[in-house]
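Chemist: Below is the structure, and that's it, no one-letter string:
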């Protein structure tokens, strides 16, 4: 059976080996599966969504959370069929705080779990 040796990132791409006695070897057929599917095995796809019933309806909606240390507002897309704003993420297992933002207001979804963080902020909570 053909094997592949895993090398540190600073070296050339993995070299194919046929020896069965070397360490850090994975059969080639399994290496290709792991290389392509490792992220999907570890991460879970999650849809964050919110319905906004206020008028006038917001033209844009974002979500921000501690999944990226509150660094970026992630733009949401409006689903006209479901009449809600949605965004998809691939999360590692864990607990995440997040909040929604329309054109001028931060708010939590009343349909998702809510918690108070260590700073006294009210946030939605997701456990993956």
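Modeler: Okay, I see it. Please read all numbers here as calculations on a predicted model, not as lab measurements.

Chemist: List the residues that contact residue 108.
Modeler: For residue 108, the contacting residues are 99-100, 114, 122-124, by CB atoms under 8 Å, 6 or more residues apart in numbering. In short, each C-beta sits where N, CA and C put it, glycine included.

Chemist: same check, this time on residue 95
Modeler: Counting by CB under 8 Å, 6+ apart, residue 95 touches 125-128.

Chemist: out of the residues you listed, who's nearest residue 83?
Modeler: Distance ranking of these against residue 83, using CB to CB, places residue 126 first at 21.7 Å.

Chemist: What's the local residue count around the closest one?
Modeler: When neighbours are counted by other CB atoms under 10 Å, residue 126 registers 18.

Chemist: From residue 81, how far out is it?
Modeler: Residue 126 is 23 Å from residue 81, where distance means CB to CB, to the nearest Å.

Chemist: And for residue 106?
Modeler: Here the criterion is CB to CB. By it, residue 106 lies 27 Å from residue 81.

Chemist: Cool, thanks, signing off.
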